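>>> let's see this in three dimensions:
(chains A and B)
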Amino acid sequence: SAVISQKPSRDICQRGTSLTIQCQVDSQVTMMFWYRQQPGQSLTLIATANQGSEATYESGFVIDKFPISRPNLTFSTLTVSNMSPEDSSIYLCSVEQGVAEAFFGQGTRLTVV
Amino acid sequence: QKEVEQNSGPLSVPEGAIASLNCTYSDRGSQSFFWYRQYSGKSPELIMFIYSNGDKEDGRFTAQLNKASQYVSLLIRDSQPSDSATYLCAVRVGDMRFGAGTRLTVKP
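As a prediction, this is how the structure comes out:
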């Protein structure tokens, strides 16, 4: 399975600021995925990032709030912009391999104060 | 109706017992089914996947799929305290859709 390195692992941020989360994969992958997991809830897909094209966002998520970069086949970033306490969550990057199983990075635990 | 539904639990079983985790899904076009384990503060890790109706066994874990009933389950035999975690059911219909998870506690 792919080894996915995600950082930072956690952060506490002031409201109104932005945080960029990085995700590095040890092999080339076509698509990378960004999820949010709010406390006690399941994973919600934010967007799918393809190299060389704009990310595809799920309903309820917009590029201005969650800009994504995908400069190459092993790296992606997710920015959480103009943060509010409602953005406090765990953010996970994911890739798919094999027979389409999803593998996850370690996650970023974000607290907005 | 949620796309993927699981009992939130908590489900508590004694050590050595069989833990049974259940999941239903709404989209009959769902193609593949996954079980993930998530320890507190950690990211989900894949336990098993299943595509065809019937049972699939891997060590102490058995996944069961019934497409007619839109039902998938995970059995954990000889449950151990280290199995205590939240178990996420995931269904692929194009994208991966996750259930809310069932929290399992295995008591020594």
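>>> check which helices and strands the helix-or-strand element of chain B with minimal mean pLDDT sits against.
Across the helices and strands of chain B, the lowest-confidence element by mean pLDDT, DSSP states H and E is strand B:95-98, at a mean of 88. Judged by 3 or more CB pairs under 8 Å, 6 or more residues apart in numbering or on different chains; DSSP states H and E, the packing partners of strand B:95-98 are strand A:43-50, strand B:85-93. Heads up, the C-betas are built off the backbone N, CA and C, glycines and all.
>>> partner strands of the first one and their direction?
I take that to be strand A:43-50. Sheet pairing for strand A:43-50, assigned by DSSP bridges, gives strand A:31-37 (antiparallel), strand A:56-57 (antiparallel).
>>> out of those, which comes closest to B:A63?
B:A63 lies closest to strand A:31-37 among the strands paired with strand A:43-50, at 22.2 Å (CB to CB).
>>> run the chain-centre distance for the closest one.
Computed by CA atoms, centre = their mean, to the nearest Å, the chain-centroid distance of strand A:31-37 equals 5 Å.
>>> dump the C-alpha coordinates for it into PDB.
Taking Å, rounded to 0.1, in the frame of the first residue of the first chain, the C-alpha atoms of strand A:31-37 are listed here in PDB:
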ATOM      1  CA  MET A  31      -6.100  11.100  -8.100                       C
ATOM      2  CA  MET A  32      -5.800  12.300  -4.500                       C
ATOM      3  CA  PHE A  33      -8.800  12.900  -2.300                       C
ATOM      4  CA  TRP A  34      -9.400  15.200   0.600                       C
ATOM      5  CA  TYR A  35     -11.800  14.300   3.400                       C
ATOM      6  CA  ARG A  36     -13.100  16.000   6.500                       C
ATOM      7  CA  GLN A  37     -14.100  14.100   9.600                       C
END
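>>> that one versus strand B:85-93: what angle between them?
Orientation of strand A:31-37 against strand B:85-93 (axes from the mean of the first three to the mean of the last three CA atoms, to 10 degrees) gives an angle of 130 degrees.
>>> so which residues make contact with strand A:31-37?
Around strand A:31-37, the neighbours that count as contacts under CB atoms under 8 Å, 6 or more residues apart in numbering or on different chains are A:23, A:25, A:43-50, A:66, A:68, A:70, A:76, A:78, A:89-96, A:102, A:104, A:107, B:96.
>>> is chain B within reach of whichever strand or helix holds A:Q22?
Secondary structure here is read from DSSP states H and E; on that basis A:Q22 sits in strand A:19-25. No. Interface with chain B: strand A:19-25 contributes nothing (CB under 8 Å from any CB of the partner chain), its closest point being 11.6 Å away.
>>> list the beta-bridge partners for residue 19.
In the absence of a named chain, this looks at chain A. On the basis of DSSP bridges, A:L19 is bridged to A:V80.
>>> um, chain B though
Listed beta-bridge partners, B:A19: B:I76 (assigned using DSSP bridges).
>>> I'd like to know how far it sits from chain A.
When CB to the nearest CB, to the nearest Å is the yardstick, B:A19 and chain A sit 19 Å from each other.
>>> tell me where chain A has strands.
Under the criterion DSSP state E, chain A contains strands at A:4-7, A:10-13, A:19-25, A:31-37, A:43-50, A:56-57, A:68-72, A:75-80, A:89-97, A:101-104, A:108-112.
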